[in-house]
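**Q** Coordinates for the following, if possible.
(one chain, ligands or ions: 1)
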Amino acid sequence: MRGRTVTLITAAAMVTSLFATAPADAAMSLGSLAAQRGKHFGAGIDVGQLRDVPYTTILDREFNAVTPTDSMKWDATEPTRNQFNFTWGDRIVAYAQQRNMIVRGHTLVWHSQVPAWTQSLNATMLRESLTNHVTRLVAHYRGAVYAWNVVNEPLDDSGGYRNSFFYQRLGASYIAESFRAARAADPGAKLYISESGAEGYNAKSTGLYNLVRSLLAEGVPIDGVAFQGHVAIGQVPPGIAPNFQRFADLGLDIVISELDVRMPMPRTAAKDYQQATDYSTMVRACLVVPRCKGVTLWTFSDKYSQIPYSFPGQGAATPWDVTMQPKPAYNAIYTTLIGG
Ligand code: G3I
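**A** Reported below is the predicted structural model:
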């Protein structure tokens, strides 16, 4: 027990010295440092948060990309069949355009946050609605959304197809059809497949690899893979960069699209240091893979993080706390982007 405490303190001291060098008020921002390396550094945001001045001050200073966490999802954009509401998404796009931030669109086809009316459609109507939804969203944001997460979380943990209502009613073909509809609606947008829990080498990432390889062989227009990056402190899987690289070797771009590092509450200094190390490891995996285009945090402040709702008892998952004070994780990311 005593030995364990000593080890913890030593590790904490080492991380402190590693990450203490990045000044919180440095002239460079995470976004500008990432840009120097040809990458974006983004934030998952949503409209309600744009009224929060201490929050938007950090957003405007630190980030050069945004993703709406909820406002472009199916339930938000098409609450009634074929009646579209782009109000919230448009606000985010306008906010980003005024600040020269790129917008990653999220997400066109996901089994969650879908409106109830989709559940009562037969296969023919669902196929028609899916194509219509993808087409209308992508066409509306043509030229404004740089990249889309077209299909989100199509696999289960064993690497097979997730038994979602899309899969049950349409079979696996819904994936290819979604990408084809998106490409037709905006040939200039980068089209990504997005998955959770596939950051390291495991059954899911290998299932994803086999899926994208076969889709590419069929000529399906996929440009990249978005690895979400929801991880728990001390449990960042090994081999992330080589895993990213095998997808890059298929000719695909990579992003980390929803990075957060959750911890069991309450927060402690030792957990903060472990979290800083984990953020650094994740960001470095993107830096060392040339085709990794950037990283997005989900979100950047604990004030708006989804973790306490998705993982009761856990939280403090982002680099800024609820009062917008930076944590060691911020300095760790900063130092890592500098090349430390
Ligand atoms: O902030 C409010 C809080 O004020 C209120 O008291 C509470 C009551 O339930 O809700 C809080 O908002 C929740 C919000 O997460 C917090 O960020 C919403 O209820 C909840 O619906 C919302 O969930 C969203 C979640 O998707 C739904 O599955 C998150 O916004 C969103 O970040 C999250 O994102 C997903 C990605 O789209 C796909 N990958 C997984 C990821 C995490 O689940």
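**Q** now the helices: where do they sit in the stretch 101-250 of the chain?
**A** Per DSSP state H, counting those that start in this stretch, the stretch 101-250 of the chain carries helices over the ranges 123-140, 165-170, 173-185, 203-217, 240-248.
**Q** Distance to G159 for those helices - can I get that in CSV?
**A** (C-beta placed from N, C-alpha, C; glycine too.) Converted to CSV, the helices of the stretch 101-250 of the chain look like this (distance: least, Cβ to Cβ, whole Å):
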stretch, distance to G159
helix 123-140, 23
helix 165-170, 14
helix 173-185, 14
helix 203-217, 2
helix 240-248, 13
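**Q** Can you say which of those helices is nearest to the ligand?
**A** Evaluated over the helices of the stretch 101-250 of the chain, closeness to the ligand peaks at helix 203-217, with 13.8 Å, by Cβ to the nearest ligand atom.
**Q** Residues contacting the closest one, please?
**A** For helix 203-217, the external contacting residues (Cβ atoms under 8 Å, 6 or more residues apart in numbering) are 154-160, 175-176, 179, 193, 195, 197-199, 222, 225, 243, 246-247, 250-252.
**Q** hmm, which of these are the buried ones?
**A** 154-156, 159, 175-176, 179, 193, 195, 197-199, 222, 225, 243, 247, 252 (16 or more other Cβ atoms under 10 Å).
**Q** Point out the ones among those that are inside strands.
**A** 193, 195, 225 (DSSP state E).
**Q** for those, which one is nearest the ligand?
**A** Nearest member of these to the ligand, counting by Cβ to the nearest ligand atom, is E195, at 9.2 Å.
**Q** Quick one: neighbours of the residue lying closest to V289 once chain neighbours are set aside, just the number.
**A** Nearest non-adjacent residue to V289, counting by Cβ to Cβ, 6 or more residues apart in numbering: F244, 4.5 Å away. Neighbour count for F244, taken as other Cβ atoms under 10 Å: 25.
**Q** Could I get the contacting residues of S305?
**A** Neighbours of S305 in contact, by Cβ under 8 Å, 6+ apart: 260, 298-299, 315, 317-318.
**Q** can you put the ones in strands among the buried ones among the contacts of helix 203-217 in JSON lines and add pLDDT and distance to L211?
**A** Output for those, formatted as JSON lines (pLDDT from 0 to 100; distance: Cβ to Cβ, whole Å):
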{"residue": "I193", "pLDDT": "99", "distance to L211": "8"}
{"residue": "E195", "pLDDT": "98", "distance to L211": "9"}
{"residue": "V225", "pLDDT": "99", "distance to L211": "10"}
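**Q** just the residues you listed now: which is nearest M265?
**A** E195 (27.3 Å; Cβ to Cβ).
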